[in-house]
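In: Quick one, what's the 3D model for this:
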Amino acid sequence: MENSHQNGDARAQLEGFLSHLQNLLRYIDTRLQEKGTIAQRYQPLEPLNPKWGILPLVLLTVGLVVLLTAVGTPIIQAWAKADAYAQGQIFYSNIQPLSVAILASPVALALASALWLVRNRLVLPRLHARTEQINQQRVTHNQAVSADEQRMDAQLTQASRDFASDIGNRFPQAYLYDEAVAFCLQLVRNHRASTIHDAINLYETERYRQRMENLQAWQLAEAQQTRKLMALGTVVNAAMQGAMIGTVRHEGAQTRAALRKPVNVNVRVR
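Out: Sure thing, here's the model as predicted:
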């Protein structure tokens, strides 16, 4: 009677231990998922737009020279033609695009310099102010996110300490996941195991049985697929053989018909 009472106490202690282990594992897993969700809430800071240097000024000047040349050449050419006709001249000078480009270069440089200064001195500070305002809002938001993440880290640290003090090495590390612990807990509650060792052995037996069932199901599926392929191959081969026989019969019929035709032979008499 006393021995049965001791066994019952041991089973109750083991059940309480496994239940506590399961709760710890689920708690840690939940906190880790929440931490991953928190990390996704971080907002990246917007980079500040850089100032234009010499290269953008040169490229802008070249672009304006090309644009002014393309637009100005036909205009100047039309003006020269109209001036020549107004003076009663038939011939007029042909305007070269290179000459227009040379004339347009100072104007293009002046326009490019004006745009370069306006962008760097007026537009860029406003863009920077707007970007810094957005970044300040994001910094405030990220600080709140960081506080939540630190709170989650503190909870995980406490859970790790509880695990180290309450669980330690009493449960095999290879089976520290919810499925294995839940299975062992169910075995203990159903009086099918009284020690962790027995519960783990039964769990491995169950896993082996499931693997064998899955293997048999896979083999059965493979066999069915093989039979389908063989049946399909038989049908295809029969169809191909039927087509070949039909072709041979058709060609034979044509040959026999050709042989039955009368042949006219012309004989010359000398």
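
In: Roughly how far does Arg26 sit from His191?
Out: Distance of Arg26 to His191, computed by C-beta to C-beta, to the nearest Å: 24 Å. (Glycine included, C-beta is placed from N, CA and C.)

In: When those two are compared, which one has more neighbours?
Out: Each of Arg26 and His191 has its neighbours counted (other C-beta atoms under 10 Å); Arg26 has more, 13 against 10.

In: Verify the contact between the more buried one and Tyr177 for me.
Out: No: using C-beta atoms under 8 Å, Arg26 is not in contact with Tyr177; the gap is 10.5 Å.

In: For this protein, name the helix or strand with the lowest mean pLDDT.
Out: Across the helices and strands of the chain, mean confidence by mean pLDDT, DSSP states H and E is lowest for helix 196-260: a mean of 74.

In: Next one: the residue sitting nearest the centre point of the chain from Gln33, what distance?
Out: By C-alpha atoms, centre = their mean, the chain has its centre lying nearest to Gln40, at 16.5 Å. Shown here: Gln40 relative to Gln33, a distance of 11 Å by C-beta to C-beta.

In: before we move on, what about Ala104?
Out: Distance from Ala104 to Gln33, by C-beta to C-beta: 65 Å.

In: So those two - more neighbours on which side?
Out: Ala104 (22 against 10).

In: How about the contacts made by the more buried one?
Out: By C-beta atoms under 8 Å, 6 or more residues apart in numbering, the contact set of Ala104 is 64-65, 68-69, 72.

In: Pull out the buried residues from these.
Out: Neighbour counting with 16 or more other C-beta atoms under 10 Å marks 64-65, 68-69, 72 as buried within the contacts of Ala104.

In: Lowest pLDDT pick from these?
Out: Here the lowest pLDDT out of the buried ones among the contacts of Ala104 sits on Gly72, with 85.

In: so where does it fall, helix or strand?
Out: helix 54-86 (DSSP states H and E).

In: Show me what that helix is packed against.
Out: For helix 54-86, the packing partners by 3 or more C-beta pairs under 8 Å, 6 or more residues apart in numbering; DSSP states H and E come out as helix 97-118.

In: What angle do helix 54-86 and the helix it packs on make with each other?
Out: 140 degrees (axes from the mean of the first three to the mean of the last three C-alpha atoms, to 10 degrees).

In: Helix 97-118: how far from the chain's middle?
Out: Computed by C-alpha atoms, centre = their mean, to the nearest Å, the chain-centroid distance of helix 97-118 equals 47 Å.

In: In that helix, which residues are buried?
Out: Across helix 97-118, burial judged by 16+ other C-beta under 10 Å covers 97, 100-101, 104-105, 108-109, 111-112, 115-116.
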